[in-house]
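Trainee: Everything below, folded, please.
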Amino acid sequence: MALPTRLMRDVKTAVIIVLALTCCFLLLQKTTTRDQAIQPGAQSDLDVATFRLKALNARGQQLHRALVSIQSAVNEQRQAVAGTGEVKQLPRLKAVDSESDLVEPAANKGADARAVAKPDSVHALAPGIVVQYHEDRPANGGGGANLDHPESKVVDTIVGLEHVPSLNHLNPAKKISQARSGVSLVIGIPTIHRPKQSYLIGTIQSLITNLIGFDKGDVLFVVMVGDLEKANVDAVFAEVESHYAAELQSGMIDVISPSPKLYPDIAGAVPSFKDPKDRFYWRTKQVFDFAYLMMYARSRGLYYLQVEDDIQAMPNYAMHIVERAKKDTSWEVLEFSSLGFIGKLFRSADLTGFAHFFFANAFYKPVDWLLDDWFYVHYCSPEKDMKDCKLRKKEHRVLFKPSLFQHLGHFSSLEGKIQKLRDRSFQQKNLPALHNNPAAVISTSLKNFQQNTIESAYLQTGFFWGMAQTAGDRITFTFSSSVQIKSVIIASGSADHPGDKFPAETKLQYLANDENNRDPTKENWHDLCSPDTKQSFTCQVPPSTPALRAISILFGIESKQWVVIPAILFHPA
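Mentor: Model prediction:
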């Protein structure tokens, strides 16, 4: 039976393409063999050539397997036409680039939860890992795509991850997760075993404590343990579990650790910038850690904030970040610290592009330098001078001051490295107010230390630092006019002075606006709430409560312990 003319032309074209690409592959092999026969000479040049040829050879083998698959499909097409005279539609490659194909079950956000991929379609890939795969999995049902199998189809992994043996190795090797998604802010915290001192628990505590006024159900922390020693990974998991069991159970915190197969063998690589081998390995691995964390987090929320595991956060940092991100659309990265990769905010929709760029260039530069290269590549013209380049980059990479995060770590994760960097613009004052408290006259019997007054905490221009208290001391906020209040948040303590908090005997009281209670000096206060487990006030005012004339903090015992109040938020009904 004669084949249709159009089909014959398509088949001939496919065969020609296969032959041409096969010739290219054979030429690549010949070139590799010739280069490997180079006489001994400059050893470093030979190492560089060998390393690059290995990478080219791996890509060539992948191309060859793809050609075999295409040729097999063409043969099937011929047989189908010869047997039935009908043309079957060749199966198409599916680009998996959406959360609906890849994310794990999302439990906590209702309509915002993403669809769950079928286990037999994507091999339970980690959320956001972008690959191309065929709609049919290998007939052997193996953990990854078997390109050598005659019935398998083309799988094209991310550039820079060709060394990963199977798709399953892109999953976290170990994790604790309730699959929270659809949040406004995802905060990534990469960590690794530090031989001298660990700062991780203090960092998490600072980030959670200073969420003041931000919905804790609208944030997700992802701790990524990038250690290759199983004992160290287990130790970090156990430490986080022991301190934050409730937050893990609620879904506020994910803890993940990637497979060791994620990382390439760099034994044959020659370090750039003449870096020592240990530093070259450390910075290259860090690029893979950060990019992997981005890919995991990209499907979980609207914005992604990257910090490090040895930082202190400002009070209200989350509210400042989200409000700033919503103000305009021209930015691509907002920086809330000038140091390293601390406080970098991305739109989650952009994370795939950044992660791919990092994976592909991991061997060349440290990750913070690669971030700068990203903007140079995308916004700087070689026909313009560096002044123009800097102006264009500033339009899309915006630095926010004062900084919302301070670097605290002294000992680096790189053995022997001492890290003394501090952000000079970090200070607990001069931040723009995000919430306007009702107009009030404020009085207190406590003495403040230096310029840290109760007014600065109320106006959100600083914090209050009060000295020792006696029983009966008060801080009173008398409103200019009566106001209906629905909730109150008054935080205490700070990362620098974690013990300077409200004593358990402290009470928050209110004075109703009625004929009998117009004078705040009278002893007719009503109890509103006591300090919570974090020794701060978080109170919901019952709707039946009348409009308030005043709110007061009553100290019930004598204490030599000072008290820090970093934030006061009164939310009108």
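
Trainee: And the helices in the stretch 251-400 of the chain?
Mentor: 277-297, 317-327, 351-360, 367-379, 386-396 (DSSP state H, counting those that start in this stretch).

Trainee: And these: which comes nearest residue 477?
Mentor: helix 317-327 (20.6 Å; C-beta to C-beta). Quick note: C-beta positions are derived from backbone N, CA and C, even for glycine.

Trainee: Now the closest one: buried residues?
Mentor: Residues of helix 317-327 classed as buried: 317, 318, 319, 320, 321, 322, 324, 325 (neighbour count, 16 or more other C-beta atoms under 10 Å).

Trainee: now do stretch 244-255
Mentor: Across stretch 244-255, burial judged by 16+ other C-beta under 10 Å covers 244, 248, 251, 252, 253, 254, 255.

Trainee: and residue 234, that's in a helix?
Mentor: Yes: per DSSP: H, G, I helix; E, B strand; the rest coil, residue 234 lies within a helix segment.

Trainee: quick one: pLDDT of residue 564?
Mentor: At residue 564, the pLDDT value in this model is 90.

Trainee: quick one, what contacts the residue nearest to it when sequence neighbours are not counted?
Mentor: Once flanking residues are discounted, residue 564 sits nearest to residue 500: 4.2 Å by C-beta to C-beta, 6 or more residues apart in numbering. Neighbouring residues of residue 500 by C-beta atoms under 8 Å, 6 or more residues apart in numbering: 465, 492, 493, 494, 561, 562, 563, 564.

Trainee: Residue 500 and residue 489, how far apart?
Mentor: From residue 500 across to residue 489, the span is 18 Å (C-beta to C-beta, to the nearest Å).

Trainee: again, but for residue 369
Mentor: 40 Å.

Trainee: before we move on, what about residue 402?
Mentor: Distance, residue 402 to residue 489, by C-beta to C-beta: 22 Å.

Trainee: on that earlier part again, buried members of the contacts of residue 500 into ChimeraX, please.
Mentor: For the buried members of these, the matching ChimeraX selection, counting by 16+ other C-beta under 10 Å, is:
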select :465,492,493,494,562,563,564
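
Trainee: Turn the contacts of residue 500 into CSV, columns for distance to residue 439 and secondary structure.
Mentor: Converted to CSV, the contacts of residue 500 look like this (distance: C-beta to C-beta, whole Å; DSSP: H, G, I helix; E, B strand; the rest coil):
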residue, distance to residue 439, secondary structure
465, 24, strand
492, 24, coil
493, 27, coil
494, 27, coil
561, 31, coil
562, 28, coil
563, 24, strand
564, 24, strand
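
Trainee: Out of the contacts of residue 500, which is nearest to residue 530?
Mentor: Nearest to residue 530 among the contacts of residue 500, with distances taken as C-beta to C-beta, is residue 492, at 12.6 Å.

Trainee: In contact with the closest one, which residues?
Mentor: 500, 501, 502, 531, 535, 536, 563, 564, 565, 566.

Trainee: what about 6 Å?
Mentor: By C-beta atoms under 6 Å, 6 or more residues apart in numbering, residue 492 lies in contact with 501, 502, 535, 536, 563, 565.

Trainee: Surely the first one touches residue 535?
Mentor: If I follow you right, that is residue 501. Yes: Residue 501 is in contact with residue 535 according to C-beta atoms under 6 Å; the separation is 3.8 Å.

Trainee: need the contact list for the closest residue in space to residue 160 that isn't next to it in sequence.
Mentor: Leaving aside its sequence neighbours, residue 160 sits nearest to residue 359 (C-beta to C-beta, 6+ apart; 3.2 Å). Residues near residue 359 by C-beta under 6 Å, 6+ apart: 158, 160, 161, 291.

Trainee: and the closest residue to residue 376 other than its chain neighbours, how many neighbours?
Mentor: With sequence-adjacent residues excluded and distances taken as C-beta to C-beta, 6+ apart, residue 376 is closest to residue 389, at 6.7 Å. Residue 389 has 16 neighbours, counted by other C-beta atoms under 10 Å.

Trainee: Surely residue 389 and residue 378 touch.
Mentor: No: when contacts are counted by C-beta under 6 Å, residue 389 is not listed as touching residue 378 (10.9 Å).

Trainee: Show me the helices in the protein, by range?
Mentor: 5-36, 43-84, 99-102, 119-122, 200-209, 230-243, 245-250, 277-297, 317-327, 351-360, 367-379, 386-396, 454-458 (DSSP state H).

Trainee: so where is the stretch 101-250 of the chain shaky, pLDDT-wise?
Mentor: 101-157, 195-196 (pLDDT under 70).

Trainee: Swap in 50 and give it another go.
Mentor: With pLDDT under 50 as the threshold, the stretch 101-250 of the chain has low-confidence stretches at 101-156.

Trainee: Strands of the stretch 401-550 of the chain, residue ranges please.
Mentor: 405-407, 440-444, 464-466, 474-483, 485-490, 507-512, 526-529, 537-540, 548-554 (DSSP state E, counting those that start in this stretch).

Trainee: mean pLDDT lowest for which of those?
Mentor: strand 405-407 (a mean of 83).

Trainee: mind listing what it pairs with, with the direction of each?
Mentor: Here strand 405-407 has these sheet partners by DSSP bridges: strand 311-313 (antiparallel).

Trainee: Give me the contacts around the partner strand.
Mentor: 203, 206, 207, 210, 342, 405, 406, 407, 408, 495.

Trainee: got those residues as CSV, with distance to residue 219 and neighbour count columns?
Mentor: Below are the contacts of strand 311-313 laid out as CSV (distance: C-beta to C-beta, whole Å; neighbours: other C-beta atoms under 10 Å):
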residue, distance to residue 219, neighbour count
203, 15, 25
206, 14, 25
207, 9, 22
210, 12, 24
342, 18, 23
405, 15, 25
406, 20, 25
407, 22, 24
408, 21, 17
495, 18, 20
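
Trainee: closest to residue 184 among the buried residues of stretch 244-255?
Mentor: Each of the buried residues of stretch 244-255 was scored against residue 184 by C-beta to C-beta, and residue 252 proved nearest at 13.2 Å.

Trainee: For burial, what's the neighbour tally of residue 222?
Mentor: 23.

Trainee: With residue 261 instead?
Mentor: For residue 261, using other C-beta under 10 Å, the count is 15.

Trainee: Thanks a lot, see you next time.
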